[in-house]
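Chemist: need a structure here:
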Amino acid sequence: MRTHPINRRALLGGSAGLALGAAVSGAAGATSASGAALPVGDLPGWKQVIREDFTTAVPRGGFVASPTTYGELATTCAAYRAYGRRLGVYGNGPVNTYGYYDVSKTLSTSGSLLDMYLHHDTATNRNVSAAVFPFRAGSTTNAHLYGRWSYRMRSYNATGTNWACVSLLWPDVDSQWPIAGEIDWPEGDVRAVPSGARGNVAGFFHPRGAQSGHEGTVPIPGLNGLWTNWHTYTIEWLPNSLKCYLNNHLVLSRATRVPSTPMRWITQSCPSNDNRGAPLRPAGSAHVQIDWVVAYDRA
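Modeler: Reported below is the predicted structural model:
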């Protein structure tokens with residue numbers, strides 16, 4: 001599994017934050033810190049196959065990437081003892097000119113939240129971030145052909161600049177990008193800005209058959225939602241049908257050039273790119289928090 005660069009397009013503009021919407025439908029667990037409970041159980045037409053609420057606290061430093069098996073946690077770390085093979089992470093290594101993945105410096109769980117702390121680490125003189133993803137039961141991947149993903153996210157105390165995050169469906173076989181397509185929902189700079197492009201929710205659909213990362217790209221509108229507010233993001237992917245939702249509001253519906261090969265879900269952060277794709281040097285710090293993640297296969 002290779003690192004995936006944050007996409008290069010500018011975020012959509014807007015001046016007002018979207019009000020917190022309803023969570024995904026279906027049975028739910030106890031009310032969470034984000035105001036929307038973890039969805040529990042199947043939905044009409046969908047069988048729940050992944051449900052992660054991050055209920056076991058692990059302090060920063062407790063997540064350690066496996067030194068031998070890329071994409072997995074070290075079996076000796078506290079996070080592995082807490083979550084076993086339910087979670088995977090990118091191994092330590094460069095993101096781009098200005099960034100470095102290091103889960104031991106960035107990831108922690110507490111209060112049923114996963115926290116990704118994006119900052120400059122003075123001990124290593126690196127701008128550190130991370131990527132994390134849940135595994136399917138009995139497997140060290142979450143890749144599947146078609147499915148439904150929902151996840152509750154926000155940025156918190158984003159006082160720095162040029163830090164970005166993306167949750168995406170990415171081809172299970174890296175070499176199939178860009179022709180296999182890609183779905184980025186949401187994606188963008190996470191800073192706390194009350195108006196303008198930076199800090200606003202947006203996303204991008206990269207259609208199947210593209211010969212470059214830009215060809216045919218379709219923006220996914222964020223309805224003026226802000227990264228600093230809790231939102232429920234959903235990707236619903238079926239043959240010749242792709243739908244994206246923000247708090248149960250349909251924001252994208254496509255029936256052509258929809259990906260048709262297995263894809264895997266990842267949330268990753270790193271320094272932002274400018275409009276031409278060149279990495280930007282980040283400053284200050286930011287947190288990206290995930291309250292819960294659920295996934296479904298077609299029933």
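
Chemist: Tell me, how many residues neighbour the nearest residue to Glu236 once chain neighbours are set aside?
Modeler: Distances taken as C-beta to C-beta, 6 or more residues apart in numbering put Lys243 closest to Glu236, at 4.4 Å, once the chain neighbours are dropped. Every C-beta, even on glycine, is put in place using the N, C-alpha and C of the backbone. As a burial measure, Lys243 scores 16 neighbours (other C-beta atoms under 10 Å).

Chemist: Partner strands of the one helix or strand Lys243 maps to and their direction?
Modeler: Applying DSSP states H and E as the criterion places Lys243 in strand 241-246. The strands beside strand 241-246 in its sheet (DSSP bridges) come out as strand 231-238 (antiparallel), strand 249-254 (antiparallel).

Chemist: among the ones you listed, which is nearest Phe54?
Modeler: strand 231-238 (15.5 Å; C-beta to C-beta).

Chemist: got a list of what the residue nearest to Met263 when sequence neighbours are not counted touches?
Modeler: Once flanking residues are discounted, Met263 sits nearest to Leu169: 4.2 Å by C-beta to C-beta, 6+ apart. Taking C-beta atoms under 8 Å, 6 or more residues apart in numbering as the criterion, Leu169 is in contact with 149, 182-183, 235, 237, 259, 263-265.

Chemist: Can you give me the pLDDT of Leu169?
Modeler: You'll see Leu169 listed with a pLDDT of 98.

Chemist: pretty sure it belongs to a strand, no?
Modeler: Yes. Assessed by DSSP: H, G, I helix; E, B strand; the rest coil, Leu169 belongs to a strand.

Chemist: State the distance from it to Tyr98.
Modeler: 26 Å (C-beta to C-beta, to the nearest Å).

Chemist: tell me the pLDDT at the residue of the chain most remote from its centre?
Modeler: Most distant from the centre of the chain: Ala123, at 27.0 Å, with distances by C-alpha atoms, centre = their mean. With respect to pLDDT, Ala123 scores 96.
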